[in-house]
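Peer 1: Any chance you could fold what I've pasted below:
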Amino acid sequence: MKTWKIDPAHSEVKFKVKHLIVSTVTGKFNKFEAKIESPEDDFENAKVTFSADVASIDTGNEQRDGHLKSADFFDTEKYPEITFISKSFKKVSEGNYKLTGDFTMKGVTKEISLDVEYNGRSRGFDNLEVAGFEITGKVNRFDFGLEWNAMTEAGGIVVGPDVKLEIFAEMKEAVEVSQAA
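Peer 2: The predicted structure follows:
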């Protein structure tokens, strides 16, 4: 069993949502953690855990970020984290996987599936192994209680229901540190 931890300096956790149906707003979480425990070198059947600090949300607009942190959306006071715990990590084709697990947002847990592109392995400057992944998927925000919305004068919705997820993860081999007795 090999354990890998995300390198936040070389990773991104992003999302995209439609605004006024015609444009896209992109955001990211600046604080997150992830771990992979893999029994296989090719990561098949790996156990994946992930969490994001919702208060670290960043859309490039402080007013919008404040609204997203409020009870209208994420309610960060009550629900400070988004989490994912895998149930399966299955190879679909060479370098492509399907990652399925329990996604929890705003206190609601639902099973989701994500597409994973495995970019391979390399050795870092510290001589530890690194592995790269691009993870994409989509969730309906209404399924997780993020139901705030408004209508324009023309009858269009302000924020779309679908949230596209994009995670660029550089995972670093975790080194066990032994403690002398």
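
Peer 1: can you map out the strands along this protein?
Peer 2: With DSSP state E applied, the chain shows strands at 2-6, 12-19, 23-29, 32-38, 47-53, 57-58, 81-93, 96-105, 108-123, 129-140, 159-173, listed in chain order.

Peer 1: For residue 69, which of those is the nearest?
Peer 2: strand 57-58 (6.5 Å; C-beta to C-beta). All C-beta spots, glycine's among them, are computed from the backbone N, C-alpha and C.

Peer 1: what's the average pLDDT for that closest one?
Peer 2: Per-residue pLDDT over strand 57-58 has a mean of 96.

Peer 1: Paired strands for it, with orientation please.
Peer 2: strand 23-29 (antiparallel) (DSSP bridges).

Peer 1: Between strand 159-173 and the partner strand, find me the angle.
Peer 2: Here strand 23-29 runs at 40 degrees with respect to strand 159-173, directions being taken by axes from the mean of the first three to the mean of the last three C-alpha atoms, to 10 degrees.

Peer 1: Outside of strand 23-29 itself, list whatever touches it.
Peer 2: With contact meaning C-beta atoms under 8 Å, 6 or more residues apart in numbering, strand 23-29 is reached by 12-19, 52-54, 56-60, 64-65, 68, 82.

Peer 1: Let me have the strands of the chain in CSV, adding mean neighbour count as columns.
Peer 2: CSV is the format used below for these (neighbours: other C-beta atoms under 10 Å):
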stretch, mean neighbour count
strand 2-6, 18
strand 12-19, 17
strand 23-29, 14
strand 32-38, 18
strand 47-53, 19
strand 57-58, 19
strand 81-93, 15
strand 96-105, 18
strand 108-123, 14
strand 129-140, 17
strand 159-173, 18
